[in-house]
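Enquirer: build the 3D model from these lines:
(chains A and B)
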Amino acid sequence: MGLLSSAVSITRYRVEGKIASAVTQAVANGLKKNAISEIDAEAVEKSVGWTSFGSPFQPSFEENSFAFGNLFVFSLRIDRKSIPAKLLKKHVTLETSKRLEKTRRRFLSKDEKQVLKDKVTADLAMRVPSTPNVYDLVWNYEKFDVYFFSNLRSSNEELESLFKRSFNLSLIRVFPYTAADLLSGLSDQERDILLGLSPTQFSD
Amino acid sequence: MLDLAVAYNRYRFLGDEFLTWLWFLIETDQNAFKAIDPDCSALEIGNRIVLENRKTKSVERITIKGDNAGLEEGRLALKKGALLTELSLIFKTGEHQCEFCIKGESLNLSNLKTPGPTLPQSPEEMEGFLLDKTEQLDKILKFMEIIFKTFICARVSNKWSTKMVPSVKKWIRSVAV
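Expert: Numbering: from 1, shown residues only, chains lettered A, B, ... in the order given. Coordinates of the predicted model:
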């Protein structure tokens, strides 16, 4: 459910800190440096990186592709290869038989089984294509606001670490406590009261 | 600031109290929403609410959904000590309406449907689309931010226990089931 969908899901973030100078160029550099890398021909099961909002499968980070008015708009892409358990089991069984026949033994040791399983997993990962998931993001740099168009915990966690790595800025998720502490304009005294709050009983 | 993971769990009750208080406000003071956003003609409960009662031994969850679903069971659950954990809302202006669902523990919005803009037909229309769409989303997010701010300011004041809680309790008791 991205920005172009009729219905969207939003997780809101507050950006902590500022980029020292040449903001657009610094953002472009961060995006290019951490752009998604293709893993279809590699023995890798997951890849996480930035991609373009307009062309998520052909990332390009020229200025006019991610800067729109006062907004930066781009996407997080997470590619995952999922190897079905039954497929893995089939290939491990076949490879185990081959190995036993070749070595004229009746059993493999625990370590040998693990090494063989890892090899089969890596071989299959080379042949299985990855499935891409794309999550859009709007960053209003001047207002320190980021809207991330997913409520999935895993994609939010990937976003938080990749954003920090790319721009050296922390994202603070807006949930009840942070909304109260950061967005509600409370005085120091009110913040102290907030820290000591306990649940209210509305029923008798 | 506290460790965020600790703060998320320690203060998640604030989100549930906020949604419960918001239901009370929707039924008792629509003018409050007009004061926050003059474009808002009404804020209404949508087609889904979820309540949880943590006063029982195991957590009891009540979900009410459907376009014309009655909220009587939800009101009964409030009387028994449940709080709202998810709430579907309809933000109405004179001409349009926005529907969305808000979750208490995270304040995340889901299924947010705005009245426009129409999808861009060419790359040249993309910037206008993005700016319009973000402006519409901003309007809802800022509206909810101000309502939450109103709640939290009341929550940390003396008025919470002396005025607000008795008013909410009275409202819960008064609801005919």
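Enquirer: show me what the helix or strand B:Arg48 falls within is packed up against.
Expert: Secondary structure here is read from DSSP states H and E; on that basis B:Arg48 sits in strand B:42-53. Applying 3 or more Cβ pairs under 8 Å, 6 or more residues apart in numbering or on different chains; DSSP states H and E, one finds that strand B:42-53 contacts helix B:12-28, strand B:60-65, helix B:72-79, strand B:83-92, strand B:97-103. Where C-beta positions appear, they are placed from N, C-alpha and C, glycine not excepted.
Enquirer: so which of the ones you listed is nearest chain A?
Expert: Closest approach to chain A among the helices and strands packed on strand B:42-53 (Cβ to the nearest Cβ): helix B:12-28, 4.0 Å.
Enquirer: got a list of contacts for that closest one?
Expert: With Cβ atoms under 8 Å, 6 or more residues apart in numbering or on different chains as the test, helix B:12-28 has contacts from A:175-177, A:180, A:197, A:199-200, A:202, B:32-33, B:43-45, B:49, B:52, B:78, B:83-87, B:102-107, B:147-148, B:151-152, B:155, B:164, B:167-168, B:171.
Enquirer: what average pLDDT does that helix get?
Expert: For helix B:12-28, mean pLDDT is 96.
Enquirer: my guess is B:Leu119 contacts B:Gly128. True?
Expert: No - in this structure, B:Leu119 is not within contact of B:Gly128 by Cβ atoms under 8 Å, at 11.4 Å.
Enquirer: still on that earlier bit, for the helices and strands packed on strand B:42-53, give me CSV that also has distance to A:Ser37.
Expert: As requested, the helices and strands packed on strand B:42-53 are exported to CSV (distance: least, Cβ to Cβ, whole Å):
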stretch, distance to A:Ser37
helix B:12-28, 37
strand B:60-65, 42
helix B:72-79, 49
strand B:83-92, 38
strand B:97-103, 34
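Enquirer: mind showing which ranges of chain A have poor pLDDT?
Expert: Scanning chain A for pLDDT under 70 picks out A:1, A:63.
Enquirer: most remote residue from it's center?
Expert: Taking Cα atoms, centre = their mean, the residue of chain A most remote from its mean C-alpha position is A:Arg104, at 46.7 Å.
Enquirer: could I get stretch A:18-26 in PDB with only the CA atoms?
Expert: Coordinates of each C-alpha in stretch A:18-26 appear next as PDB, following Å, rounded to 0.1, in the frame of the first residue of the first chain:
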ATOM      1  CA  LYS A  18      20.300  18.000  10.500                       C
ATOM      2  CA  ILE A  19      22.600  17.500   7.600                       C
ATOM      3  CA  ALA A  20      25.400  20.100   7.800                       C
ATOM      4  CA  SER A  21      25.300  21.500   4.300                       C
ATOM      5  CA  ALA A  22      24.300  20.700   0.600                       C
ATOM      6  CA  VAL A  23      21.300  18.700   1.900                       C
ATOM      7  CA  THR A  24      20.000  17.500  -1.500                       C
ATOM      8  CA  GLN A  25      23.500  16.300  -2.500                       C
ATOM      9  CA  ALA A  26      24.100  14.600   0.800                       C
END
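Enquirer: spatially nearest residue to the spatially most central residue of chain A (excluding sequence neighbours)?
Expert: In chain A, the residue lying closest to the centroid (Cα atoms, centre = their mean) is A:Glu158, at 2.9 Å. Of all residues not flanking A:Glu158 in the chain, A:Val48 sits nearest, at 5.1 Å (Cβ to Cβ, 6 or more residues apart in numbering or on different chains).
Enquirer: hmm, A:Leu162 and that neighbour touching each other?
Expert: Yes - contact criterion Cβ under 8 Å: A:Val48 and A:Leu162 qualify, at 6.1 Å.
Enquirer: so what's in contact with those two at the same time?
Expert: Shared contacts of A:Val48 and A:Leu162 (Cβ under 8 Å, 6+ apart): A:Leu76.
Enquirer: A:Lys119 versus A:Val44, what's the distance?
Expert: 15 Å (Cβ to Cβ, to the nearest Å).
Enquirer: wait, A:Ser37
Expert: Going from A:Ser37 to A:Lys119 by Cβ to Cβ gives 23 Å.
Enquirer: ok, back up a step: part of a strand, is the residue nearest to A:Glu158?
Expert: Yes - the assignment for A:Val48 by DSSP: H, G, I helix; E, B strand; the rest coil puts it in a strand.
Enquirer: who are the neighbours in contact with it?
Expert: Counting by Cβ under 8 Å, 6+ apart, A:Val48 has contacts A:Ile36, A:Leu76, A:Arg77, A:Ile78, A:Asp79, A:Glu158, A:Leu162.
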